[in-house]
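Novice: coords please:
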Amino acid sequence: MDDHGSKKTAAAALRLSLTATREEEKEATLKLAEENIKCVAVDCGGEFSSSFMKIIERAIVAAKRQGLIESGHAEEGAVAGATHEAISQLVSKAIGLNVGGKIAIARYKDNISVAIFVGIGLLHLDEVGIGLGHRVI
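Specialist: Sure, this is the predicted structure:
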């Protein structure tokens, strides 16, 4: 059994990353807040290889802006590490291609999860990918 919330936090990040509209995203965020899960989502996109650092930076900035983490090495590093893990799960599908999608970060107690859901495209040949990372603060 997951007494500390790692599965709960990961599921929340995944659910939020899959929302299709801002309204759906806001509704999911409010519902998760009722379960004491703080979360935020932010769009991402561009050429995958050159977007690594931008994706990590966007995740950290969004998490700080929404109060999921405080400034400091431990909390920023947890988000950076979880985001890096999520990105690394997309590399084999997306390297050299364009991606567009959403980064979702969820925090429950000392658990941080980052989910990245993207469409991967080359001309009209579309693929999808999802990556998930988790850290404990």
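
Novice: Please count neighbours and contacts with C-alpha atoms only from this point.
Specialist: Will do.

Novice: Now do the strands in this structure.
Specialist: Using DSSP state E, the strands found in the chain span residues 38-47, 98-108, 111-122, 125-136.

Novice: Under the pLDDT cut-off, which ranges of the protein? List them.
Specialist: The chain contains residues with pLDDT under 70 at 1-3.

Novice: quick check: longest helix of it.
Specialist: Criterion DSSP state H: the longest helix present in the chain is helix 48-65.

Novice: could you list every residue that touches residue 112?
Specialist: Counting by Cα atoms under 8 Å, 6 or more residues apart in numbering, residue 112 makes contact with 6, 9, 10, 78, 79, 82, 105, 106, 134, 135, 136, 137.

Novice: now residue 19
Specialist: By Cα under 8 Å, 6+ apart, the contact list for residue 19 reads 25, 28.

Novice: ok, so what distance separates it from residue 46?
Specialist: As judged by Cα to Cα, to the nearest Å, residue 19 and residue 46 stand 20 Å apart.
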